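Novice: Provided below are the primary sequence and the corresponding predicted coordinates.
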Amino acid sequence: MGACSATTETDADFLMDNNFAYTKFLWNFCAEKNIKYIYASSAATYGMGELGYNDDVSPEELQKLMPLNKYGYSKKFFDDWAFKQKNQPKQWNGLKFFNVYGPQEYHKGRMASMVFHTYNQYKENGYVKLFKSYKEGFKDGEQLRDFVYVKDVVDVMYFMLTNDVKSGIYNIGTGKARSFMDLSMATMRAASNNDNLDKNEIIKLIEMPEDLQGRYQYFTEAKINKLREIGYTKEMHSLEEGVKDYVQNYLAKEDSYL
């Protein structure tokens, strides 16, 4: 599905082998067998979001996207390649995942979700670190992301596997951006079973590394109209609902797996 998902990976050859060449191999296999193919694209392909976060545009418009890192480009290159192919799987869907969190991510290290890292920071230190803001219009800790629960992601994928839907690129998010401050507070409230925590006591603001300051996304939000148009009508978990389920039913348990 995802091959190398490390946004910090700098080895372009490694990324092209794992995220482009191997994804192409699987595409050709599915085309030969006339079966459906669902692969992981990424919201990282949208870069700074200068062109928006809209999946319902022409392949030519998608080609104009400018990712911020080599990982994003490895995903973009495959999306662009897919639209040019005459030999296609029975149905193909490239899913631009936004910020996914939830059970079974424990092997991912630094690339695990902010919910996972926030929970562990809070349990270890009693507080959480968030980056200060370096962009006008965004307060410290108020940088925005579209956080989507993995259970919703899996449900969408199952829907695509079991229904005939139009081939193409689809955003997978909630359609509602929330701040890292919101996420951190939701995580700590769920971990402590205390809705009255004071953020001034448990949030520590830190400087952002200089190498990140010029290429940091301050806002992402999936447009999911296209997903709704193919018949997927279920509501996604709210941030508070998803975080509470993840923290209390998985992270806080001795057996944290599904």
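Specialist: That came through, no problem.

Novice: CA only for contacts and neighbour counts going forward, please
Specialist: Will do.

Novice: contacts for the helix-or-strand element of the chain with minimal mean pLDDT next, please.
Specialist: Counting by mean pLDDT, DSSP states H and E, the chain has its least confident helix or strand at helix 210-213, which shows a mean of 85. With contacts defined as Cα atoms under 8 Å, 6 or more residues apart in numbering, helix 210-213 is touched by residue 134.

Novice: all helices of the stretch 101-250 of the chain, in order?
Specialist: Assigned by DSSP state H, counting those that start in this stretch, the helices in the stretch 101-250 of the chain fall at 114-125, 150-162, 180-192, 199-202, 210-213, 225-229, 239-246.

Novice: would you mark the buried spots in the first one?
Specialist: It stands for helix 114-125. 114-120, 122 (16 or more other Cα atoms under 10 Å).

Novice: before we move on, the earlier item: just the CA coordinates for the least confident helix or strand of the chain, please, in PDB.
Specialist: Taking C-alpha atoms only, helix 210-213 is exported to PDB below (Å, rounded to 0.1, in the frame of the first residue of the first chain):
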ATOM      1  CA  GLU A 210      15.400  26.300  10.900                       C
ATOM      2  CA  ASP A 211      15.400  23.700   8.100                       C
ATOM      3  CA  LEU A 212      11.700  23.200   8.500                       C
ATOM      4  CA  GLN A 213      10.600  26.800   8.800                       C
END
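
Novice: how far does that helix sit from the chain's center?
Specialist: 21 Å (Cα atoms, centre = their mean, to the nearest Å).

Novice: can you check stretch 26-35 too?
Specialist: 26 Å.

Novice: do the same with stretch 168-177
Specialist: 9 Å.

Novice: average pLDDT across it?
Specialist: For stretch 168-177, the mean per-residue pLDDT is 99.

Novice: start the count at 21 instead of 1 going forward.
Specialist: Shifting the count to begin at 21 puts that one at stretch 188-197.

Novice: what sits up against it?
Specialist: With Cα under 8 Å, 6+ apart, stretch 188-197 has contacts from 63, 74-76, 99, 103, 112-119, 164-168, 173, 239-244, 246-247, 256-258.

Novice: filter these down to the buried ones.
Specialist: Neighbour counting with 16+ other Cα under 10 Å marks 63, 74-76, 99, 112-119, 164-168, 173, 239-244, 246-247, 256-257 as buried within the contacts of stretch 188-197.

Novice: shaky segments in this structure?
Specialist: Residue ranges of the chain with pLDDT under 70: 21-22.

Novice: longest strand anywhere in it?
Specialist: Looking across the chain with DSSP state E, the single longest strand is strand 111-117.

Novice: against which helices or strands is that one packed?
Specialist: strand 56-60, strand 188-192 (3 or more Cα pairs under 8 Å, 6 or more residues apart in numbering; DSSP states H and E).

Novice: can you check which of those gets nearest to residue 44?
Specialist: Closest of those to residue 44 is strand 56-60, at 10.1 Å (criterion: Cα to Cα).

Novice: on contacts alone, who are the packing partners of that closest one?
Specialist: Judged by 3+ Cα pairs under 8 Å, 6+ apart, strand 56-60 is in contact with helix 42-53, strand 111-117.

Novice: again, only this time at 6 Å
Specialist: Packing contacts for strand 56-60, counted by 3 or more Cα pairs under 6 Å, 6 or more residues apart in numbering; DSSP states H and E, involve strand 111-117.

Novice: now the strands for the stretch 21-170 of the chain?
Specialist: 56-60, 111-117, 119-121, 148-151, 164-165, 167-169 (DSSP state E, counting those that start in this stretch).

Novice: just the CA atoms of the first one, as CSV, please.
Specialist: The C-alpha atoms that make up strand 56-60 are tabulated as CSV, following Å, rounded to 0.1, in the frame of the first residue of the first chain:
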residue,chain,number,x,y,z
LYS,A,56,-9.0,-3.8,-8.7
TYR,A,57,-6.0,-1.8,-7.5
ILE,A,58,-5.9,0.6,-4.6
TYR,A,59,-2.7,2.3,-3.8
ALA,A,60,-1.4,5.0,-1.4
